[in-house]
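[1] coords please:
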Amino acid sequence: MRECLIFAKEQGIRITATYEDRAVSGKTDRRPNFQRMMKDAEKRKFQYVIAWKSNRMGRNMLQAMMNEARLNDLGVRVLYTEEDFDNTAAGRFALRSMMNVNQFYSENMAEDIRRGLMDNAMQCKVTNGTLPFGYKKDENLHYVLDPPNDEIVREIFGIDLPWLLDAFGPVKHVYAEKDKLSGLEIDYPDSYFVTLRHENGTKGLLAADVVSPKAVRNFEVFGEGLHLFWEGNPRALYSYNAETREKEFVDTYGSFEHDARYSDNIVENAYVDEITNFFGVLAGREQPRWSFEKDKEAIALIERIEGA
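    Numbering: from 1, shown residues only. Sure thing, here's the model as predicted:
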């Protein structure tokens with residue numbers, strides 16, 4: 001912007017409006033202020049458009065040429081502070097050549113970035129973005145474990161299996177498909193897909209994965225007269241109504257506590273319920289909902305999953 005204002009002053013051009021899209025790539029013309037400028041041009045609000053370089057008109061050569069041709073048809077001349085193209089055949093040829101260079105630069109840079117991302121992935125290096133929970137980066141930008149968070153998959157099972165056992169009863173059969181999806185030098189899986197068959201005949205699918213862009217924690221349970229779907233948070237529990245043949249929302253909590261720093265499938269209500277029940281038992285108002293026996297049953301099931 002500063003260069004454009006200086007250029008206008010040197011050329012004796014009076015500024016009537018500025019159109020600036022901060023931190024928006026010139027690769028597309030779908031920029032709010034750019035589109036506002038094009039609409040103002042149709043209203044004949046100005047005679048000149050001053051841009052820093054021709055790539056501000058668009059990095060796609062055809063798109064950039066169409067934008068400039070549209071302005072020219074409206075009687076608006078486009079000037080560039082860092083590039084000098086006069087209104088001659090040679091000048092127009094040089095402008096089209098520069099727009100072609102702009103497109104090549106944009107496409108080549110995209111290829112280089114993709115290649116760099118792939119190289120980092122092959123070397124198990126961190127790229128831009130959120131780190132998977134349980135990992136951090138070392139001084140060489142490699143993924144490394146971040147204890148104690150690195151056992152989060154086991155902890156997810158520790159959170160979910162107790163209430164699954166409480167709701168559907170003891171488990172008769174366990175099938176676990178587990179993988180180490182990341183390239184980290186660890187000796188345990190970071191992704192689980194578990195099928196549970198309870199003694200009452202109910203079957204369920206439970207998934208836990210901490211290396212995907214968003215941590216996975218969901219399940220589907222089905223049996224005679226029962227079909228539940230859950231995506232890991234209080235807003236995403238549904239049951240299938242056989243009469244209406246539709247999924248129906250199950251309201252688990254009137255309200256819930258969620259820390260915005262964590263994924264939406266991590267809420268604090270389960271911990272609050274446990275503490276509330278603990279004090280209720282101490283006060284003699286409630287019976288204990290949890291016990292060492294239930295914890296041992298859940299731990300034994302985790303070990304069956306890990307050993308499957």
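[2] make it CA atoms for all contacts and neighbour counts henceforth
    OK.
[3] where do the strands sit along the stretch 151-300 of the chain?
    Counting by DSSP state E, counting those that start in this stretch, the stretch 151-300 of the chain has these strands, from start to end: 171-179, 191-198, 203-209, 216-223, 226-230, 237-241, 246-249.
[4] correction: the previous question concerned the stretch 1-150 of the chain.
    Going by DSSP E, counting those that start in this stretch, the stretch 1-150 of the chain shows strands at 48-51, 77-80, 135-137, 143-145.
[5] just put the ones you listed in CSV and tack on mean neighbour count.
    Shown next, in CSV, are the strands of the stretch 1-150 of the chain (neighbours: other Cα atoms under 10 Å):
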stretch, mean neighbour count
strand 48-51, 20
strand 77-80, 18
strand 135-137, 17
strand 143-145, 20
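[6] now those in CSV, with distance to K172?
    Listed next are the strands of the stretch 1-150 of the chain as CSV, based on distance: least, Cα to Cα, whole Å:
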stretch, distance to K172
strand 48-51, 71
strand 77-80, 74
strand 135-137, 34
strand 143-145, 34
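[7] out of the ones you listed, the one nearest D251 is which?
    strand 135-137 (33.7 Å; Cα to Cα).
[8] average pLDDT for that closest one, rounded please.
    For strand 135-137, the mean pLDDT works out to 76.
[9] likewise for stretch 6-18?
    Stretch 6-18 comes out at a mean pLDDT of 90.
[10] among the strands of the stretch 1-150 of the chain, which is nearest L164?
    Taking Cα to Cα, strand 135-137 is the member of the strands of the stretch 1-150 of the chain nearest to L164, at 27.9 Å.
[11] please name the bridge partners of K125.
    Judged by DSSP bridges, the bridge partners of K125 are H142.
[12] quick one, what contacts it?
    141-143 (Cα atoms under 8 Å, 6 or more residues apart in numbering).
[13] quick one on the thing from earlier: would you reformat the strands of the stretch 151-300 of the chain as a markdown table and include distance to A64, mean pLDDT and mean neighbour count?
    As requested, these are exported to a markdown table (distance: least, Cα to Cα, whole Å; pLDDT from 0 to 100; neighbours: other Cα atoms under 10 Å):
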| stretch | distance to A64 | mean pLDDT | mean neighbour count |
| --- | --- | --- | --- |
| strand 171-179 | 48 | 84 | 15 |
| strand 191-198 | 46 | 84 | 20 |
| strand 203-209 | 44 | 79 | 21 |
| strand 216-223 | 43 | 76 | 19 |
| strand 226-230 | 48 | 81 | 18 |
| strand 237-241 | 49 | 84 | 17 |
| strand 246-249 | 49 | 85 | 14 |
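[14] tell me which of these sits nearest to W290.
    Nearest of the strands of the stretch 151-300 of the chain (Cα to Cα): strand 171-179, 17.8 Å.
[15] identify the residues contacting that closest one?
    By Cα under 8 Å, 6+ apart, the surrounding residues in contact with strand 171-179 are 165, 189-199, 301, 304-306, 308.
[16] now with 6 Å, please.
    For strand 171-179, contacts defined as Cα atoms under 6 Å, 6 or more residues apart in numbering pick out 189, 191-199, 305, 308.
[17] please apply the same query to stretch 221-229.
    202-204, 220, 237-240.
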